[in-house]
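Asks: Here is a sequence with its predicted model. Questions after.
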Amino acid sequence: MIDALAKESVIYRAIEGVESIGESTRADQRFVEIIMRSIETEHEETFGRLAQRFDAAGLAELGGSFSAARDKLALLEEAKAA
């Protein structure tokens, strides 16, 4: 995911800056495709491994930790943008 975000923030934004509006739309579509592939890979591989390794309570705890980490990262991004 970090790779996809880096591509979106640097590569695709650069493409949008030098190409026409129609081309920037394609850059956005490429970003969406990368994210979709990442989600599919996680769903097939990562989530399957987690389900084998953790019971329902462990998965719930991981979910809570993930949400907290995501919220913290979102706050950091908001602070950087301000």
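Replies: Okay, I see it.
Asks: Any idea how far apart the tips of stretch 44-58 sit?
Replies: End-to-end span of stretch 44-58 (Cα to Cα, to the nearest Å): 19 Å.
Asks: Give the rounded mean pLDDT of that stretch.
Replies: The average pLDDT within stretch 44-58 is 89.
Asks: Tell me where the protein has strands.
Replies: Remark: no strands are assigned in the chain by DSSP state E.
Asks: Contacts for stretch 44-59, please.
Replies: Around stretch 44-59, the neighbours that count as contacts under Cβ atoms under 8 Å, 6 or more residues apart in numbering are residue 62. Where you see a C-beta, it was placed from the backbone N, CA and C, and this is true even at glycine.
Asks: Buried ones in that stretch, by neighbour count?
Replies: Neighbour counts over stretch 44-59 (16 or more other Cβ atoms under 10 Å) mark no residue as buried.
Asks: For residue 28, give its distance to residue 35.
Replies: According to Cβ to Cβ, to the nearest Å, residue 28 and residue 35 sit 11 Å apart.
Asks: cool, residue 41 as well?
Replies: Taking Cβ to Cβ, one finds residue 41 at 11 Å from residue 35.
Asks: With neighbour numbers in mind, choose between these two.
Replies: residue 35 (14 against 11; other Cβ atoms under 10 Å).
Asks: Let me see the confidence value for that one.
Replies: For residue 35, the model assigns a pLDDT of 80.
Asks: got it, and residue 73?
Replies: On the pLDDT scale, residue 73 gets 89.
Asks: which one's the longest helix in this structure?
Replies: helix 56-81 (DSSP state H).
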